[in-house]
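K.L.:
Can you look at this prediction? I've put the sequence above it.
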Amino acid sequence: MSIAHFGLTEHDSLTAAQAAASEAATASGGRVFTCVVFQQGGRLMLTTAFSYAFLVKHVVSDAAVKGGNPRTATNRPIDTSHVRSITKYLTENENDYILPPVTLNVRAVPAIHIPRGNFAMTAGFVVIGDETKFSVTDGQHRLAAIAKRSESLIDTDSPFPSDSISVVIVVEPDVARIHQDFADAAQTKQIPASLLAAYNTREPLNRVLTKIVDGSALFAGRIDETSKSLSKLSSAIFLLNQVRGLVKELLFQDYALSEASIPARSFQAIGTTEKQDAFVSRTLAMLGILTQHMDPWHAVAELPTSGGPANQVVDFRKHYINMTATGLVIIGHVAFEIEKNLDPEWRKARYLDLATKIDWRRNAQIWEGNIITGDKITTTRSPGRIAARKVMEAIGVPVIPKNPLIPQPTQEAISSEGVH
């Protein structure tokens, strides 16, 4: 069906449509925006780009009050912490950021000029006057962060307010349908933690993570970097997020450190390229010793990364602690203590002991009464810490007693999704 039935102003050519739009804007004091006009779900829509300065002026926020009736407002209650996090992202990455398109709503059809023709989609020109106001269908918090960031830059020469964002404009006068549009636009799926870790390399932790995976004879080609959980029949040995838990232990001795704390902590620990390279080098050296001497890691490293022989990983995972996320956390916790020693030969000897003197089979006595309950691995933090202390005692790594006056971490679980 042609978009002409929406009552748009048609002209003999695109040039004529542009000239008419410019004339209308001059007469009304409005602005002309080049756009693409199309229909979707039986409604008229157009897409263009607005500068942040224009958005701040023309988009009206109508957020519901928490505890009130959301049906009486256009938008949901504002989440101030979400706005702060986006504002922080924009502030810290002003010259290297991206914001996805937002969806706006306008109650009445603005003046839209298009070339005449039986088109389902066409280029056109929309005239927007000072009196035209838009409401938000999707992107409420992005727009609030843009406004907050722009306000902080008043009286500066920052180019930020002149940046633009792609917008989709829906012509819809019915508030109930606007609410439905918001619900429909929210049908998204959370990104698996492993995939987010693979892509979000702004964090130094994630940058060293990918280098460690690529540089390790054990990990390279054997880490599932896209899934939320690891299938029992998977020939991958770990999720990327589980290896990230190992790295968090190596850096902070806390696999459950909150995600909000990680950027500041990682920048402090490995904020420079030199520090990152040194950390990767020492971690790969540690993994190299363990892979060469520890059961079953040395056997896994000899397997192809796919095909029938790679399925031996499934059996290894059933019988060995160090083929689980819990085992990785224990190794990372112990390695954090080993790395405190300045003597490289002492560190190397302890890693060799970790590989050869510890029985990593599930039925080994060292795991009884801590992480092993019956035939299952207990994934809470406290048993894992007890197991790590037993490993350190067995290989001669000093164990510093916990101060009972210092609050200890709460119980955290190591799930199939990785370490949280």
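P.N.:
Perfect, thanks for sending it.

K.L.:
so how many other residues sit close to residue 201?
P.N.:
13 (other C-beta atoms under 10 Å). Any C-beta I mention is one placed from the backbone N, CA and C, and that applies to glycine too.

K.L.:
and residue 156, how many residues sit next to it?
P.N.:
9.

K.L.:
confidence score at it?
P.N.:
pLDDT, residue 156: 86.

K.L.:
That one: helix or strand, and which one exactly?
P.N.:
Assigned by DSSP states H and E, residue 156 belongs to no helix or strand.

K.L.:
Go ahead and confirm residue 210 touches residue 200.
P.N.:
No: judged on C-beta atoms under 8 Å, residue 210 makes no contact with residue 200 at a distance of 10.5 Å.

K.L.:
the more surrounded of the two?
P.N.:
residue 210 (18 against 12).

K.L.:
what's the distance between the longest helix anywhere in the chain and the middle of its chain?
P.N.:
The longest helix of the chain (DSSP state H) is helix 273-293. Offset of helix 273-293 from its chain centre (C-alpha atoms, centre = their mean, to the nearest Å): 26 Å.

K.L.:
repeat for stretch 247-257
P.N.:
Taking mean C-alpha positions (C-alpha atoms, centre = their mean), stretch 247-257 and its chain are 18 Å apart.

K.L.:
and what of stretch 206-222?
P.N.:
19 Å.

K.L.:
ok, and for it, which residues are buried?
P.N.:
206-213, 216-219, 222 (16 or more other C-beta atoms under 10 Å).

K.L.:
Next, the buried residues of stretch 306-317.
P.N.:
Here stretch 306-317 shows 310, 313, 316, 317 as buried, counting by 16+ other C-beta under 10 Å.

K.L.:
just how off-centre is that stretch within its chain?
P.N.:
Per C-alpha atoms, centre = their mean, the centroid offset for stretch 306-317 relative to its chain is 30 Å.

K.L.:
what's next to it, contact-wise?
P.N.:
Outside stretch 306-317, the residues that touch it by C-beta atoms under 8 Å, 6 or more residues apart in numbering are 222, 232-237, 296, 299-300, 303-304, 323-324.

K.L.:
can you pull the contacts of the residue nearest to residue 357 when sequence neighbours are not counted?
P.N.:
Once flanking residues are discounted, residue 357 sits nearest to residue 395: 5.7 Å by C-beta to C-beta, 6 or more residues apart in numbering. Each residue near residue 395 by C-beta under 8 Å, 6+ apart is listed here: 334, 350, 353, 354, 357, 358.

K.L.:
ok, now which ones touch the last one?
P.N.:
With contact set as C-beta under 8 Å, 6+ apart, residue 358 has these partners: 364, 366, 391, 394, 395.

K.L.:
Identify the farthest-apart pair in these.
P.N.:
Between any two of these, the greatest separation by C-beta to C-beta is 14.1 Å, found for 364 and 395.

K.L.:
so residue 144 is in which element?
P.N.:
helix 140-152.

K.L.:
Please enumerate residues in contact with that helix?
P.N.:
Counting by C-beta under 8 Å, 6+ apart, residues outside helix 140-152 touching it are 52-53, 55-56, 59, 61, 63, 75-76, 78-79, 82-83, 86-87, 89-91, 99-100, 102, 136, 160-161, 165.

K.L.:
For PyMOL, write a command that selects the buried ones of the residues you listed.
P.N.:
Buried residues among the contacts of helix 140-152 (16+ other C-beta under 10 Å), as a PyMOL selection:
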select buried, resi 52+55+56+59+63+75+76+78+83+86+87+89+90+99+102+136+160+161+165
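
K.L.:
Which of the contacts of helix 140-152 fall within strands?
P.N.:
Secondary structure from DSSP state E places 102, 136, 165 of those in strands.

K.L.:
Turn these into JSON lines, including distance to residue 29.
P.N.:
Converted to JSON lines, the ones in strands among the contacts of helix 140-152 look like this (distance: C-beta to C-beta, whole Å):
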{"residue": "102", "distance to residue 29": "25"}
{"residue": "136", "distance to residue 29": "25"}
{"residue": "165", "distance to residue 29": "24"}
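
K.L.:
which one of those is nearest residue 384?
P.N.:
residue 102 (43.7 Å).
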